[in-house]
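> pasting the structure only:
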C-alpha cells in the first residue's frame, strides 16, 4: 500500500516532531542528573552542542544525497552493505526500545509528584506500561495524527522553558550559581565527562527526521531542514534553561527531585504554579513518547521492507500505521519495564539512559563513516565533500567520547547487545550474501 499525501507530515510538522523527540523527553529530568555535577555541566553542554550540530549537519547532507530509503540504515549501507544497514537499524531499534521506557518513566515520575502519590517500584512499572500502551494505541491513526498531537503537546515544555529562560533571569542568583558550580569538587575533566552521556541523551532525536523520511513529502529537501532546525532550536533552549535553574535552586534540592522544573517554578512563584508546570511537563513528555513510539515502529517497518527484520513489522493499515509492529514492540517494552524496576526512579532512569545512548551511537558512527561514499555517489566533490567529511569526522570523535563517558557498565551491556546483532544478521545473511560467494 502506497502512502498518500494527506497521510504525510509537512516539513513544519517534521521539524516540530524532531524538536519534540528531543525536548519533550530530553529536558524534563536533565536538571536532576546535571545537579550531581553542578553548573560546571555547562561545559558538557557546549561540547555536546558542537558534537550534535556536527552530527546534524552530516545527517542533513546524507538526507539530501542518499538514494536509499530507511534513514540511518540506508546511509550505513553505502559503506557497509546490508550488514551495515541491519546493524544500524537493529542497534537504533534497541536504543529506542530502551529510551522509550525511560521517557515513560519520566512521565510517571512527574505525574506522581504532580498528584502527591508515593509509588512503589512495582506500581511505577505498571503505570509505565500503561503509559506505553496508551501512546501506542493513539499512534494507530497514522503519521498525520502523530504530527498534530506532537505539535500541540510540545507547548507543555516550550512554555515553561521559555518562561524560565526569560523571566527566570529576574530571580537568578549569580552567588547561588557559583555555589552550585562543582558540588562534589571533582577534577574538571571528570566533572565534564560525568554529564556528557546525559547531555547527549537530550539530543537523541536529531536523527528522527531521517528515520521518518518515508513519512514526509519531498524528503530530499525537507529532512535536512527538519534536522538542522530542530537541533539548533533545542541546543539554545537546553543551554539557557538548565543553566538558569542553577541560579534558582540549590543543586542538592535538584538532585533529590523527581520533577525539577516544577521545583524551580515553585521557588520562583508559588507551589501551585509549580504544580501546573508539572502537569504541563507530563503532557509534553507523553507527546514525546507518542512521537518516539511512531518513530520506532517506522524504523522496524523500513528494516522489514528491506528483508532485514521479520515481515510482521511491514504490515500497515489504511492509515499507513504499522499496528502489528507497534503492538509487538510495546509487548517487549512492557517486559523491559518489569526487568528494570528499581527503588530509585532516578537510578532506573539513569541506567536506561546510559544504555540507550551507547546503542544509539552505533548507527551514528556507521552513518558518519558512510558520508564520503554517499556524497561521491551523488557526484559531489570539492569543498562540499571535504568540508562535510571533516564535520562528520568531528561528529564521530564526539560519538566515541560519548561512548567512553557512558561508563563501563553501559559499554559492557551495549557491546553485548551489538554482538548479538552480528549473530542475528548471520542467520539472515544468506538472502543477501550467498550470491557473492559463487
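Here it is on my side, so go on. As the structure is a prediction and not an experimental result, all values here were calculated from the model.

> contacts and neighbour counts: CA atoms only from here.
OK.

> Give me the spatial nearest neighbour of residue 86, chain neighbours excluded.
Of all residues not flanking residue 86 in the chain, residue 308 sits nearest, at 6.1 Å (Cα to Cα, 6 or more residues apart in numbering).

> What about the one you found, how many residues nearby?
24 (other Cα atoms under 10 Å).

> do the same with residue 104
Around residue 104 there are 28 residues (other Cα under 10 Å).

> Same question for residue 426.
Neighbours of residue 426 using other Cα under 10 Å come to 12.

> measure it to residue 314 for me?
To residue 314, residue 426 is 21 Å away according to Cα to Cα, to the nearest Å.

> and the top helix by length along the chain, what's its mean pLDDT?
For the chain, the helix with the greatest residue count under DSSP state H is helix 72-114. Across helix 72-114, pLDDT averages out at 90.

> same thing with stretch 139-149?
81.

> Number of residues surrounding the residue nearest to residue 405 when sequence neighbours are not counted?
Nearest in space to residue 405, with sequence neighbours left out and distances taken as Cα to Cα, 6+ apart, is residue 193 at 5.5 Å. By the criterion of other Cα under 10 Å, residue 193 has 21 neighbours.

> So what touches the strand or helix carrying residue 193?
Using DSSP states H and E, the element containing residue 193 is helix 188-194. Residues outside helix 188-194 that contact it (Cα atoms under 8 Å, 6 or more residues apart in numbering): 37, 40-41, 43-44, 182, 405-406.

> in that helix, what's buried?
Within helix 188-194, the residues scored as buried using 16 or more other Cα atoms under 10 Å are 191-194.

> what's the closest of those to residue 395?
residue 193 (16.7 Å; Cα to Cα).

> Residue 246 versus that closest one, what's the distance?
In terms of Cα to Cα, residue 193 sits 19 Å off from residue 246.

> coming back round to it: any idea whether the residue nearest to residue 86 is helix, strand or coil?
coil (DSSP: H, G, I helix; E, B strand; the rest coil).

> follow-up on the earlier one: can you redo the buried residues of helix 188-194 as JSON lines with distance to residue 88 and pLDDT?
Shown next, in JSON lines, are these (distance: Cα to Cα, whole Å; pLDDT from 0 to 100):
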{"residue": "191", "distance to residue 88": "31", "pLDDT": "84"}
{"residue": "192", "distance to residue 88": "28", "pLDDT": "81"}
{"residue": "193", "distance to residue 88": "26", "pLDDT": "84"}
{"residue": "194", "distance to residue 88": "26", "pLDDT": "82"}
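
> Adding distance to residue 91, write the residues you listed out as CSV.
Putting those into CSV (distance: Cα to Cα, whole Å) gives the following:
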residue, distance to residue 91
191, 28
192, 27
193, 24
194, 23
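
> and the nearest residue to residue 64 once chain neighbours are set aside, how many neighbours?
Spatial nearest neighbour of residue 64, chain neighbours left out: residue 220 (4.5 Å); criterion: Cα to Cα, 6+ apart. Around residue 220 there are 19 other residues, counting by other Cα under 10 Å.
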